[in-house]
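>>> Here you go, sequence then predicted model.
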Amino acid sequence: MELLNKKVLVFGSGISGVAASRLLLEKGAGVILYDGNTSLDAEKIRGEILLGAPCGADMQVVLGELPDTILDSLSLTVMSPGVPTDLPVVDRMREKGIPIWGEIELAYVYGKGDVLAITGTNGKTTTTALLGEIMKNYRESTFVVGNIGNPYTSIALKTREDSVIVAEMSSFQLESIHTFRPRVSAMLNITPDHLNRHHTMEAYIGAKQNIAKNQTAEDTCVLNFEDEVTRKFGENLSAQVLYFSSQRKLEKGIYLEDGRIMLSLEGEPVEICRIDELKLLGTHNHENVMAAAAMAAAYGVPMEIIRRTVMEFQGVEHRIEFVAEKNGVAYYNDSKGTNSDAAIKGIQAMNRPTLLIGGGYDKDSSYEEWIEAFEGKVKKLVLLGATREKIDETARRLGFTDTVLVDTFEEAVDVCVKNAVPGDAVLLSPACASWGMFKNYEERGDKFKELVNQL
């Protein structure tokens with residue numbers, strides 16, 4: 001699409017909206033950044049976007065209601081991932097025939113190079129970070145973008161034909177793609193999440209599956225054989241399918257056998273590494289390693305680069321991250337455990353009696369499986385946030401009664417410190433998003449680390 005002198009609306013003023021606006025200004029479009037939040041500072045947002053923009057850039061910011069006169073002038077709308085696509089104002093755009101792209105679609109259309117894209121409910125960030133390291137060791141022009149915190153639009157115009165873009169894709173980002181086509185994609189797993197946004201499990205799964213909708217037989221999709229949704233998804237794809245499994249040997253794919261990660265593509269299986277050579281804890285992380293290694297191998301990265309990188313990889317901040325040991329108590333930051341399935345992985349990785357901090361924003365999730373996963377490991381559950389009563393009721397119904405409800409994050413940590421004894425672990429793994437108390441899970445994890453390091 002030629003955007004020179006065309007009017008484009010960017011919906012959402014977060015980092016994705018700012019980056020998309022800057023890309024559009026570089027392409028000569030007139031940009032209207034829109035946000036329904038009237039408490040924002042329009043001039044501050046406009047000034048931030050115009051920093052480094054072309055001289056005379058056509059840029060305006062609209063807050064609150066969006067007039068029909070603006071809609072009538074638009075050639076395109078670019079949605080930020082955090083903005084629901086079923087809002088009435090978005091429906092008005094559809095009725096007027098305005099094309100609606102996601103920020104990812106915009107970046108893909110104007111970027112160059114090959115995309116290696118990862119989605120799934122859990123493990124995306126670790127897999128993306130590891131694959132990013134592998135590709136950096138293989139290809140000089142490598143960018144790691146997406147839900148990992150670096151908008152794809154912020155680097156799209158810096159890419160070259162020989163670039164590799166490693167992209168973490170959320171369901172929100174995949175909702176509004178059109179031509180986005182990864183050279184290699186991966187879907188790691190599917191469990192209930194973000195149902196307050198997608199409303200049904202079918203819609204959530206459909207958004208995730210968009211990652212492979214434009215792939216052809218020249219491309220590869222890496223899938224988890226042990227996840228029923230992803231296994232069945234692989235049966236009807238145009239792309240070549242490469243499965244990974246932590247439970248069984250595969251004729252073709254990557255699998256765990258006798259403590260070794262093995263890759264079987266053609267001929268004899270090749271050992272990538274032993275799991276005791278990895279710096280990552282837990283079966284879920286071994287699956288993340290398999291997915292990243294499979295994607296790299298499918299792209300043609302030499303095995304010695306894959307092997308060296310996976311054994312050197314230290315892991316991701318805020319994901320079962322060891323913080324410190326204080327007075328014989330080990331403290332772990334798993335703030336990225338923002339849903340039950342992710343938080344279950346955090347508990348499973350613990351090898352000590354554990355005091356667990358949980359609760360936060362309510363995403364209409366259920367917590368039965370999380371509570372059932374305690375299995376004698378969790379000795380005390382400290383709850384805070386909007387979900388604390390809901391989780392407490394679930395825990396008591398399932399027979400776990402050692403719960404404490406607190407009002408503040410500082411109080412939650414303090415309760416754990418006072419009740420932990422040498423040999424215990426304190427784990428922040430909330431099974432909930434952080435919104436309402438913190439801006440994001442990173443801020444929550446940083447606060448936890450700050451409080452622990454002050455002990």
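Sure thing, it's come through. Numbering: from 1, shown residues only.
>>> From here on, just use CA atoms for contacts and neighbour counts.
Noted.
>>> the domain parsing of the protein - what is it?
The record's domain parsing of the chain by automatic domain parsing lists 7-98, 105-312, 321-453.
>>> Which one of the ones you listed lies nearest to residue 1?
Residue 1 sits nearest to domain 105-312 of all those, at 8.4 Å, using CA to CA.
>>> Same list, the domains of the chain, but as TSV with mean neighbour count, mean pLDDT and distance to residue 1 please.
Below are the domains of the chain laid out as TSV (neighbours: other CA atoms under 10 Å; pLDDT from 0 to 100; distance: least, CA to CA, whole Å):
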stretch	mean neighbour count	mean pLDDT	distance to residue 1
domain 7-98	18	93	9
domain 105-312	20	93	8
domain 321-453	19	95	34
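>>> so what secondary structure elements neighbour whichever helix in the chain runs longest?
The residue-count maximum for a helix in the chain (DSSP state H) belongs to helix 283-299. Helix 283-299 sits against helix 124-136, strand 184-187, strand 220-224, strand 240-245, strand 253-257, helix 303-312, with contacts defined as 3 or more CA pairs under 8 Å, 6 or more residues apart in numbering; DSSP states H and E.
>>> The residue nearest to residue 177 when sequence neighbours are not counted and residue 182: what is the separation?
Setting aside the residues directly before and after it, residue 177 is nearest to residue 105 in space (CA to CA, 6 or more residues apart in numbering), at 5.2 Å. Separation of residue 105 from residue 182 (CA to CA, to the nearest Å) stands at 12 Å.
>>> again with residue 397
Relative to residue 182, residue 397 is positioned 45 Å away (CA to CA).
>>> Kindly report the same for residue 282.
According to CA to CA, residue 282 stands 29 Å off from residue 182.
>>> same thing with residue 382?
Distance, residue 382 to residue 182, by CA to CA: 42 Å.
>>> residue contacts, residue 143?
Counting by CA atoms under 8 Å, 6 or more residues apart in numbering, residue 143 makes contact with 132, 155, 163-166.
>>> Let's have those in TSV, adding distance to residue 339 and secondary structure.
What follows is the contacts of residue 143, written out as TSV (distance: CA to CA, whole Å; DSSP: H, G, I helix; E, B strand; the rest coil):
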residue	distance to residue 339	secondary structure
132	24	helix
155	30	coil
163	34	coil
164	30	strand
165	27	strand
166	24	strand
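>>> tell me the two of those that are most distant?
Farthest-apart pair in those is 132 and 155; separation 14.7 Å (CA to CA).
>>> would you say the residue nearest to residue 177 is within a helix?
Yes - counting by DSSP: H, G, I helix; E, B strand; the rest coil, residue 105 is located in a helix.
>>> Identify the residues contacting it.
Residue 105 is in contact with 176-180, counting by CA under 8 Å, 6+ apart.
>>> Give me the distance between it and residue 78.
Counting by CA to CA, the gap from residue 105 to residue 78 is 9 Å.
>>> which residues in the stretch 351-455 of the chain form strands?
Using DSSP state E, counting those that start in this stretch, the strands of the stretch 351-455 of the chain run over 354-358, 378-383, 403-405, 425-428.
>>> Show me where the stretch 51-200 of the chain has its strands.
For the stretch 51-200 of the chain, the strands defined by DSSP E, counting those that start in this stretch occupy 59-63, 76-79, 100-102, 114-119, 142-146, 164-168, 184-187.
>>> Columns distance to residue 364 on top of those, output as JSON lines?
JSON lines is the format used below for the strands of the stretch 51-200 of the chain (distance: least, CA to CA, whole Å):
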{"stretch": "strand 59-63", "distance to residue 364": "29"}
{"stretch": "strand 76-79", "distance to residue 364": "24"}
{"stretch": "strand 100-102", "distance to residue 364": "25"}
{"stretch": "strand 114-119", "distance to residue 364": "21"}
{"stretch": "strand 142-146", "distance to residue 364": "25"}
{"stretch": "strand 164-168", "distance to residue 364": "24"}
{"stretch": "strand 184-187", "distance to residue 364": "23"}
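>>> Cross-check the contact I'm expecting between residue 426 and residue 329.
Yes - counting by CA atoms under 8 Å, residue 329 is a contact partner of residue 426 at 7.1 Å.
>>> Give the intersection of the neighbour lists for the two.
Joint contacts of residue 426 and residue 329 (CA under 8 Å, 6+ apart) are residue 420.
>>> Residues in contact with stretch 293-303: which ones?
Contacts of stretch 293-303 (CA under 8 Å, 6+ apart): 116, 131, 134-135, 138, 183-186, 220, 222, 242, 244, 253-254, 263, 272, 306, 310.
>>> Break down the stretch 301-450 of the chain into its helices, ranges please.
Applying DSSP state H, counting those that start in this stretch to the stretch 301-450 of the chain gives helices spanning 303-312, 340-349, 368-372, 388-397, 409-419, 441-453.
>>> got the CA coordinates for the first one in CSV?
What follows is helix 303-312, C-alpha atoms only, in CSV (Å, rounded to 0.1, in the frame of the first residue of the first chain):
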residue,chain,number,x,y,z
MET,A,303,24.3,-27.8,14.7
GLU,A,304,27.5,-26.6,16.4
ILE,A,305,26.0,-23.0,16.7
ILE,A,306,22.7,-24.4,18.1
ARG,A,307,24.5,-26.7,20.5
ARG,A,308,26.9,-24.0,21.9
THR,A,309,24.2,-21.4,22.2
VAL,A,310,21.6,-23.5,24.1
MET,A,311,24.2,-24.6,26.6
GLU,A,312,25.4,-21.0,27.2
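>>> Between helix 124-136 and it, find me the angle.
If you take axes from the mean of the first three to the mean of the last three CA atoms, to 10 degrees, helix 303-312 sits at 140 degrees to helix 124-136.
>>> One more: the last one?
An angle of 100 degrees separates the directions of helix 441-453 and helix 124-136 when computed by the same axes, to 10 degrees.
>>> quick one: contacts of helix 441-453?
318, 323-324, 331, 333-336, 338, 410, 413, 428, 433-434, 438.
>>> and residue 328, what does it touch?
Going by CA under 8 Å, 6+ apart, residue 328 touches 421-424.
>>> In a markdown table, list these along with distance to residue 402.
A markdown table is the format used below for those (distance: CA to CA, whole Å):
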| residue | distance to residue 402 |
| --- | --- |
| 421 | 16 |
| 422 | 19 |
| 423 | 19 |
| 424 | 16 |
